[in-house]
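S.K.: no FASTA, just this:
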Ligand SMILES: Nc1ncnc2c1ncn2[C@@H]1O[C@H](COP(=O)(O)OP(=O)(O)OP(=O)(O)O)[C@@H](O)[C@H]1O
Ligand SMILES: [Mg+2]
Ligand SMILES: [Zn+2]
């Protein structure tokens, strides 16, 4: 018996007024955590929206859990199994944190009040928000609201978890908490998360997909992408204008990422960020990836 | 000067309005024990007392801003709790026994300790109270000490409101006589 | 603690006897009065009180406090027989209360203006505004402009069309009664006091149909402009009630039905984000 992949995209293309946000994307995902990297405007959000069934592709095929969600019934069946955190996630006015997640749980067909409340409490505890659940959303901090958005995506332990920049604005301590939650989810579910934090991908994902200009530039193991930067990262005493990137580090030495070793440089251990910079070349440098 | 417990209660109450659950927990830890003990003396069904406790603290949570900021939070809370108890007891008379009534033993003289204790809080009134019959004392307790209205006291004690009125009337006359006699 | 107690505090024995119920009536009454004023005795009594009772009550307090009571509207709907989850979705419609209030206020203002100017002018004001109140209400109760969590809600299995219709029903139920009441106050309106409901409903239906293409706020603006043009030109031609001529009323009814048909046929497009914004 062959295992049906959770997500299978073939030739997915999406144009907005002529410009291609996604261009012939092929992607197959199964259980585990995949990181989605790419500069601003690369098409990450468009890819996640199409996978989350909230956007229809212009061309190509989207198969989720082995079915093409065509009719309303199939669409609902697929949506029952997915959790989605959009990049822009607002909250209607007047809700408390609990009230908002409770509202989303009703939309996710948790009709029994007691069971629904228990589930809402569970996901709020997961993202460490149970202490402020009674507070109005408008009184929560940006990072807390982001975690609230993640909480609603986690309702019902979905088989497919699609997260668009889940860690934006979240403090380091909470990011580690979220990593624990996501790594546990990744043990049985398929998780696809977009981010601008290469450390999050390095810490969490087995697989990484790099998008640029709507096209897949890399799709493979994180270690394989890091390996592409081997022998192309150095520590030098002076900046190297010819390199892909070079900057002064806290130690006073300059980290140089490029093709050729500058004079007097010693090799350094490459990181995912170095590999990403090299992969995207000039483009990544001009759009600035490592904020 | 260190902030007293009353100030701490007030600060905790103020935090409730912002949906601060930790403040709610603190208030509960500070007040639920004595409240439950006092409620249990008026109703010996722990389920009812747990319900009343829940009602009272939820009322606090939803209406913390109604506290006017004067006096003891404890007294305010008791006012809420005893009224909730009265409304919970409606229609379930049979399940409830009032400990006060059990102690009906007019023959026993109050112990020296009791008189001394009562003196701390009430002075002369204390010894006068002691000489009331248990029925009258229950009425005085419900109306004067617990702060219930005639109708609420009637519901709590399971007797008609008219009876509460006449007993209270007689108890007051009795106390007046006792106090006058004590002074003479 | 409190000076009035003269430094007296209950000892452990008294506290434990009090909690057990055998402290005697006088000692108990005294202690109770003391507890109201003494935080230290209140703290110490905790050790004598059964913990399970306190813990069980706390858990219920916490859960109820966090979950909150269902809103008044939600409870009312449930009592009227609406399934509880639907009632919650209606009651939490973004800006439902706002749309009701706005409907009321706008109408009252225009009725006031109408009363002040009297006659045709007042009538024009009323006819201009009344049918647009539910349209505006629906525009602000559904869609990406009204609901900041719209995209997340779309990805749930709850049918988008059902949500749209639920909220439309709620807006109609909330906004039409005040406008109807206001209509009775407009002196020059007679049978027209009810006839405006037809264009109101058909404009709302048109809004629903159009929301399968563009976001409701955009359509609402367009419909508002169109209706305003119709009423003002009728008013210029001396009779504002011309927009309620029998032939036109039939046309509204037909248009409304057509719009609902379009909505039914195109409801699939409500399940995804609309055209590029
Ligand atoms: N609704 C839309 N209407 C028009 N253009 C759009 C729309 N959504 C996306 N685009 C365009 O498609 C391209 C990809 O956008 P997308 O939001 O997918 O990028 P992204 O990788 O998520 O970027 P970011 O890192 O900034 O979130 C961009 O050029 C953007 O301008
Ligand atoms: Mg994006
Ligand atoms: Zn004391």
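M.R.: Sure thing, it's come through. The structure presented is a predicted model; accordingly, all values stated were derived computationally and were not measured. Ligands and ions are numbered 1, 2, ... in the order given.
S.K.: who are the packing partners of the lengthiest helix in chain B?
M.R.: Longest helix of chain B, by residue count under DSSP state H: helix B:161-183. For helix B:161-183, the packing partners by 3 or more C-beta pairs under 8 Å, 6 or more residues apart in numbering or on different chains; DSSP states H and E come out as helix B:124-130, helix B:134-140, helix B:150-157. Where you see a C-beta, it was placed from the backbone N, CA and C, and this is true even at glycine.
S.K.: torsion angles phi and psi at the most centrally placed residue in chain B?
M.R.: Centroid check for chain B by C-alpha atoms, centre = their mean gives residue B:146 as the closest residue, at 3.5 Å. When read as degrees, to the nearest 10, the backbone of residue B:146 gives phi -90, psi -10.
S.K.: what's the closest non-adjacent residue to it?
M.R.: Leaving aside its sequence neighbours, residue B:146 sits nearest to residue B:82 (C-beta to C-beta, 6 or more residues apart in numbering or on different chains; 5.1 Å).
S.K.: remind me which helix or strand the one you found belongs to.
M.R.: helix B:73-89 (DSSP states H and E).
S.K.: which residues of chain A fall in helices?
M.R.: In chain A, the helices defined using DSSP H lie at A:44-51, A:72-80, A:97-107, A:113-126, A:142-154, A:172-186, A:198-204, A:222-227, A:272-287.
S.K.: now do the shortest one: distance to the chain's middle.
M.R.: In other words, helix A:222-227. What separates the centre of helix A:222-227 from the centre of its chain is 18 Å, taken as C-alpha atoms, centre = their mean, to the nearest Å.
S.K.: just the buried positions in stretch A:120-128, please.
M.R.: A:120, A:121, A:123, A:124, A:126, A:127, A:128 (16 or more other C-beta atoms under 10 Å in any protein chain shown).
S.K.: tell me, how many residues neighbour the closest residue in space to residue A:54 that isn't next to it in sequence?
M.R.: Spatial nearest neighbour of residue A:54, chain neighbours left out: residue C:154 (4.6 Å); criterion: C-beta to C-beta, 6+ apart. When neighbours are counted by other C-beta atoms under 10 Å in any protein chain shown, residue C:154 registers 25.
S.K.: got TSV for the helices and strands packed on helix B:161-183, with distance to ligand 3 too?
M.R.: Below are those laid out as TSV (distance: least, C-beta to the ion, whole Å):
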stretch	distance to ligand 3
helix B:124-130	17
helix B:134-140	23
helix B:150-157	26
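S.K.: identify the residues contacting the nearest residue to residue A:30 once chain neighbours are set aside.
M.R.: Nearest non-adjacent residue to residue A:30, counting by C-beta to C-beta, 6+ apart: residue A:5, 5.1 Å away. The contact partners of residue A:5, taken as C-beta atoms under 8 Å, 6 or more residues apart in numbering or on different chains, are A:28, A:29, A:30, A:63, A:66.
S.K.: narrow these to those in strands?
M.R.: If you go by DSSP state E, these have A:28, A:29, A:63 in strands.
S.K.: buried ones from the residues you listed, can you make that a ChimeraX selection?
M.R.: Under the burial definition 16+ other C-beta under 10 Å, those of the ones in strands among the contacts of residue A:5 that qualify are selected in ChimeraX by:
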select /A:29,63
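S.K.: near ligand 2, which residues of the stretch 1-150 of chain A?
M.R.: With C-beta under 5 Å from the ion as the criterion, the stretch 1-150 of chain A meets ligand 2 at residues A:44, A:45, A:87.
S.K.: just to revisit the earlier point, reformat the contacts of residue A:5 as TSV; add pLDDT.
M.R.: Output for these, formatted as TSV (pLDDT from 0 to 100):
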residue	pLDDT
A:28	97
A:29	96
A:30	95
A:63	97
A:66	94
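S.K.: now those residues as TSV including distance to ligand 3?
M.R.: Converted to TSV, the contacts of residue A:5 look like this (distance: C-beta to the ion, whole Å):
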residue	distance to ligand 3
A:28	72
A:29	66
A:30	66
A:63	73
A:66	71
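S.K.: ok, how many other residues are close to residue 36?
M.R.: Just going to use chain A. Counted with other C-beta under 10 Å, residue A:36 comes out at 27.
S.K.: my bad, chain C
M.R.: Counted with other C-beta under 10 Å, residue C:36 comes out at 22.
S.K.: likewise for the one 5 residues further on?
M.R.: When counting by other C-beta under 10 Å, one arrives at 21 neighbours for residue C:41.
S.K.: before we move on, what SS does the nearest residue to it once chain neighbours are set aside have?
M.R.: In this structure, residue C:41 finds its nearest non-sequential neighbour in residue C:10, 5.1 Å apart by C-beta to C-beta, 6+ apart. Classification of residue C:10 using DSSP: H, G, I helix; E, B strand; the rest coil returns coil.
S.K.: contacts only, for residue C:10.
M.R.: With C-beta under 8 Å, 6+ apart, residue C:10 has these contacts: C:18, C:31, C:34, C:41, C:44, C:45.
S.K.: now with 7 Å, please.
M.R.: C:31, C:34, C:41 (C-beta atoms under 7 Å, 6 or more residues apart in numbering or on different chains).
S.K.: what does the stretch 51-200 of chain C put close to chain A?
M.R.: Contacts of the stretch 51-200 of chain C with chain A, taken as C-beta under 7 Å from any C-beta of the partner chain, map to C:63, C:65-68, C:84-85, C:88-89, C:92, C:94, C:147-149, C:151-159.
S.K.: again, only using 8 Å
M.R.: C:63, C:65-68, C:83-85, C:88-89, C:92, C:94-95, C:147-149, C:151-159, C:163 (C-beta under 8 Å from any C-beta of the partner chain).
S.K.: any of those buried? List them.
M.R.: Applying 16+ other C-beta under 10 Å to those flags C:65-68, C:84-85, C:88-89, C:92, C:94-95, C:147-149, C:151-159, C:163 as buried.
S.K.: related to what we said a few turns ago, among the contacts of residue C:10, which ones are in helices?
M.R.: Residues of these located in helices (DSSP H): C:31, C:34, C:41.
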